[in-house]
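J.: this one's sequence-less:
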């Protein structure tokens, strides 16, 4: 395992669409292990391969310490019309957060590190995390989910942190 450098906003690679995982092998397992170590060091609760400059559809979540979940090729299969708001941020933009509104419940499909397909329903913080990270895989940085005014304020706050 290795801690890898995290791309920082506004790196254009954070807006690129990630490629599907096609090989479920030792290299994928190593990438997942590196993502976990990098996320923990950041610190964060979720990270994607694009966050470290690897354009693959891989997500690692650890919402509860020791409960690691790894997803290859995750996709949202269904989303509720009911919405909820949660505070979000990014390992690529540390130090700033803002509330984002998203569907309250989703159904997600993915493959594990062996390539086995899975589906599950998620709600609450897990649903928020899935949507946030899948957006990242689709080239949608979380700021794009904010109004123009909120986005400008978050970018300004981030800029002040960088100059400090």
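T.: Happy to help now that I have it. This is a predicted model, so every value here is computed, not measured.
J.: CA only for contacts and neighbour counts going forward, please
T.: OK.
J.: now the helix or strand harbouring residue 120, how far from the chain's geometric center?
T.: Using DSSP states H and E, residue 120 maps to strand 117-123. Relative to the chain's own centre, strand 117-123 is displaced by 16 Å; criterion: CA atoms, centre = their mean, to the nearest Å.
J.: mind listing what's buried in that strand?
T.: 122, 123 (16 or more other CA atoms under 10 Å).
J.: strand partners (parallel or antiparallel) of that strand?
T.: strand 105-111 (antiparallel) (DSSP bridges).
J.: just the mean pLDDT for the strand it pairs with, thanks.
T.: Strand 105-111 carries an average pLDDT of 98.
J.: need the helices for this structure, in chain order.
T.: For the chain, helices defined by DSSP state H occupy the ranges 26-41, 124-137, 148-163.
J.: so what does the second one touch, helix or strand wise?
T.: Put plainly, it is helix 124-137. strand 46-48, strand 58-64, strand 67-79, strand 98-103, strand 105-111 (3 or more CA pairs under 8 Å, 6 or more residues apart in numbering; DSSP states H and E).
J.: tell me the most buried of the ones you listed?
T.: strand 46-48 (a mean of 27; mean count of other CA atoms under 10 Å).
J.: report the contact partners of residue 154.
T.: Going by CA atoms under 8 Å, 6 or more residues apart in numbering, residue 154 touches 96, 97, 98.
J.: could I get the contacting residues of the last one?
T.: Think residue 98. Residue 98 neighbours (CA under 8 Å, 6+ apart): 87, 88, 89, 154.
J.: list only those of these flagged as buried.
T.: 88, 89, 154.
J.: follow-up on the earlier one: possible to save the contacts of residue 154 as JSON lines with distance to residue 68?
T.: Below are the contacts of residue 154 laid out as JSON lines (distance: CA to CA, whole Å):
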{"residue": "96", "distance to residue 68": "24"}
{"residue": "97", "distance to residue 68": "23"}
{"residue": "98", "distance to residue 68": "25"}
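J.: pick the one among the residues you listed closest to residue 66.
T.: Relative to residue 66, the closest of the contacts of residue 154 is residue 97; by CA to CA it sits at 24.3 Å.
J.: how about that closest one: what's its closest non-neighbour residue?
T.: residue 89 (4.5 Å; CA to CA, 6 or more residues apart in numbering).
J.: tell me, what residue is most central in the chain?
T.: The centroid of the chain falls nearest to residue 133 when counting by CA atoms, centre = their mean (2.6 Å).
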